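# Just need the structure, nothing else, for what follows:
(one chain, ligands or ions: 3)
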Amino acid sequence: MGSNQQNEINNLFKEKKSPTSVFVFLIALYFISQIVVIFTSRSELMVNINGRMLPLSFATGIFTSIGNICIISMVAVYHRKGFAAALTILLVQFPSILMTIFVAGIYTSIPGLFTNLMTLVAIILIYSNDVKKEKYQKSLSVQAVTDRLTGIYNRFAATEYISSLISKKAPFAVVSIDINNFKSINDSLGHSNGNKILIEIAKRWKIVAESGASGTTDLVARLSGDEFCLIIKGYATKDDIIKTIKHYENVLENKFTLNDNDYFINASFGYAIYPDDAAETDTILSYSDVAMYDVKKKNSSNHICHFTQELLREENNLEIEREIRKAIDEDRIYALFQPQFDVNHHLRGFEALARMRDEEGNIVSPGTFIPVAEKVGLIDRIDSSVFDKSTSFFGEILKNHPADFTLSVNVSVRHLMKADFVDEIISTLGRNNFPADHLEIEITESIMIESAEKALECINELKNYGIKIAIDDFGTGYSSLSYLNKLPADLLKIDKSFIDKMNLNESSKQYVAAIISIGHIMNFEVISEGVEDVDQIETLKKINCDFIQGFIWGKPLPENEAKELLLNA
Ligand code: C2E
Ligand code: MG
Ligand code: MG
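Numbering: from 1, shown residues only. Ligands and ions are numbered 1, 2, ... in the order given. Model prediction:
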């Protein structure tokens, strides 16, 4: 079974053959042309062509050429097989031509003999050139799919194989393999000894793949360095995938001997399945990598891991976390300022919204990095940086242009719960010359659910300094009216999701109207977020909303535009 499987894999990288039907056609055409040649060359018939009488024998040359073209095409297209057939045909013809000339004395056949000899020379030249070319091409195509160091398949072969399986819609698993601690082996033994280990690993795995011992059809390839890849197909159940991987894991258990010293090697295996986990070559390879990195990260005794979407999320978050850390260190976090207006379009102030620039200079939205920053405990550093930069920017403007406006900053629950939160706020305000009564801190309802007592303590302290409190994204959390009643807030921010639906039906409109009424009853002012069209403004005016924030009157602005808007207000 093993060698059949390997043949199937090898065939994938062979040049495609021309169809046999064309070969048969060439032979048939050759013989037909020869019959016509025999007939025409001996015929004394005259034919009328365009009013001129010509001997039928004039067609002999045409059909001789057709025959020669068939012979030469056979060699050119079918190489070895074509050459054998052409040679046989020509050699078989020689005795009969010689007999015709020397026994029957028909000397008109001498040109035929000459033509045959010339064709023979031509096909020998074509074929010998072909053999040289074929040899060269074969070595090129072998090189293209072979890893130079280990002699097993390389990355190109693996990806081509995966693509061919995908095009056939054949289920398979891709296993990313990485040798554990290979770097230290390389560092301590030197590169050439490291290479010897890689060669030995490849040799053992090649034997498993070619022997068919695993019971599945496997292709093993080296992708780069100590990274290998195994492609498994022909399994009956998904458990068979693990069984096959274990075969490859087990052959590493025997010691590796190098310069009379024994070494023990193991590897991490992560796999993803087509079509269950991914449907494209690059995706499936990167998903099996994600699973393999998980094995490395967990460092457990189980060295095999199947890809899941959850792993991908963790992996993405790790990537974003790295980005955030770098962005903080390299000062790539900054703020944009979205204006807020009263319903008559007079400026109320600005909300500072964090932005991050990645290493290429692209802007990353807070929807991507804020949740990760919250999860990994980096949010307070972002909040602090936005807070410091925005109060410093507006503090500087206020020095020369006193203005009455509110600067809103978002603060996450985690940050607010820090013991020195209020101290930090107050000292930053002092350092940046920004008046406390111009500041508004946006918190979400979730604060009340997580730790009402502590939050209230902190909020009351802030209020004592004259700082305003806004409840952000109102309506999306689960806070009850009793919580709301306890919160000494100043502003209620109705979430965009309610504003979006507001004009679609009467009940949605009444819902927003009810929130505004309740807010007013509790002595809060109310702002609607995400207002995008004139009809929404009209409705909000009618139901007594106090303020508007939304793209219709202002997107988040860079510093210079925010300054201009403030000074012209
Ligand atoms: P948020 O505090 O509710 O901010 C309002 C969001 O709605 C902003 O998105 C703003 O750009 C967007 N927005 C405003 N008007 C419109 C509109 O008319 N149409 C649409 N489609 N969107 C509108 P952004 O800047 O992406 O911020 C998303 C969220 O990220 C914020 O929601 C806030 O929860 C969080 N965030 C932003 N900056 C900070 C920060 O410095 N610290 C913390 N902790 N969270 C922040
Ligand atoms: Mg906000
Ligand atoms: Mg909001």
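# now the helices for the stretch 251-400 of the chain?
For the stretch 251-400 of the chain, helices defined by DSSP state H, counting those that start in this stretch occupy the ranges 281-298, 309-329, 366-376, 379-400.
# Now render these as a markdown table, adding distance to ligand 3 and mean neighbour count.
Using the backbone N, CA and C atoms, a C-beta is placed for each residue, glycine as well. Converted to a markdown table, the helices of the stretch 251-400 of the chain look like this (distance: least, CB to the ion, whole Å; neighbours: other CB atoms under 10 Å):
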| stretch | distance to ligand 3 | mean neighbour count |
| --- | --- | --- |
| helix 281-298 | 33 | 20 |
| helix 309-329 | 21 | 15 |
| helix 366-376 | 11 | 17 |
| helix 379-400 | 15 | 19 |
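# and those as TSV, adding distance to ligand 2 and mean pLDDT?
What follows is those, written out as TSV (distance: least, CB to the ion, whole Å; pLDDT from 0 to 100):
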stretch	distance to ligand 2	mean pLDDT
helix 281-298	33	92
helix 309-329	19	91
helix 366-376	10	91
helix 379-400	11	95
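# now those helices in CSV, with distance to residue 413?
Listed next are these as CSV, based on distance: least, CB to CB, whole Å:
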stretch, distance to residue 413
helix 281-298, 28
helix 309-329, 18
helix 366-376, 8
helix 379-400, 9
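# With distance to ligand 1 added, can I get those in CSV?
Listed next are these as CSV, based on distance: least, CB to the nearest ligand atom, whole Å:
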stretch, distance to ligand 1
helix 281-298, 27
helix 309-329, 12
helix 366-376, 4
helix 379-400, 4
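# nearest to residue 38, of those?
Among the helices of the stretch 251-400 of the chain, the nearest to residue 38 by CB to CB is helix 281-298 (57.8 Å).
# That closest one packs against which elements?
When contacts are defined as 3 or more CB pairs under 8 Å, 6 or more residues apart in numbering; DSSP states H and E, helix 281-298 sits against helix 155-168, strand 172-179, strand 267-274, strand 304-306, helix 309-329.
# any idea how far it is from the chain center?
12 Å (CA atoms, centre = their mean, to the nearest Å).
# With stretch 189-202 instead?
31 Å.
# ok, the residue in the stretch 251-400 of the chain that ligand 3 sits nearest to - how many residues close by?
Ligand 3 sits closest to residue 351 of the stretch 251-400 of the chain, with a gap of 8.4 Å, by CB to the ion. The number of residues packed near residue 351 is 26, by other CB atoms under 10 Å.
# Next: residue 444.
Using other CB under 10 Å: residue 444 sits among 22 other residues.
# Look up how far residue 215 lies from it.
56 Å (CB to CB, to the nearest Å).
# One more: residue 184?
Counting by CB to CB, the gap from residue 184 to residue 215 is 34 Å.
# Show me what from this protein comes close to ligand 3.
472-473, 529 (CB under 5 Å from the ion).
# closest to residue 458 among those?
Nearest to residue 458 among the residues of the chain next to ligand 3, with distances taken as CB to CB, is residue 472, at 15.9 Å.
# Please identify the helix or strand for the closest one.
Using DSSP states H and E, residue 472 sits in strand 468-474.
# swap in residue 121?
helix 110-145.
# Which strands or helices does the top helix by length along the chain pack on?
For the chain, the helix with the greatest residue count under DSSP state H is helix 59-102. Applying 3+ CB pairs under 8 Å, 6+ apart, one finds that helix 59-102 contacts helix 20-42, helix 110-145.
# by how many degrees do the last one and helix 59-102 diverge?
Here helix 110-145 runs at 110 degrees with respect to helix 59-102, directions being taken by axes from the mean of the first three to the mean of the last three CA atoms, to 10 degrees.
# Quick one: mean pLDDT over helix 110-145.
Mean per-residue pLDDT for helix 110-145: 85.
# and that helix, how far from the chain's centre?
Counting by CA atoms, centre = their mean, helix 110-145 comes out at 45 Å from the chain centroid.
# Buried residues in it, which are they?
Going by neighbour count (16 or more other CB atoms under 10 Å), the buried part of helix 110-145 is 112, 115-116, 119-120, 123, 126-127, 130, 145.
# With just CA atoms, put stretch 168-179 into PDB.
In PDB, the C-alpha atoms belonging to stretch 168-179 read as follows (Å, rounded to 0.1, in the frame of the first residue of the first chain):
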ATOM      1  CA  LYS A 168     -10.200  17.600  -5.700                       C
ATOM      2  CA  LYS A 169     -12.200  18.400  -2.600                       C
ATOM      3  CA  ALA A 170     -10.500  15.400  -0.800                       C
ATOM      4  CA  PRO A 171     -10.500  15.700   3.000                       C
ATOM      5  CA  PHE A 172      -7.100  15.900   4.600                       C
ATOM      6  CA  ALA A 173      -5.200  17.200   7.600                       C
ATOM      7  CA  VAL A 174      -2.200  19.500   7.700                       C
ATOM      8  CA  VAL A 175       0.200  19.000  10.600                       C
ATOM      9  CA  SER A 176       2.700  21.800  11.400                       C
ATOM     10  CA  ILE A 177       5.700  20.300  13.200                       C
ATOM     11  CA  ASP A 178       8.400  22.100  15.100                       C
ATOM     12  CA  ILE A 179      11.300  20.500  16.800                       C
END
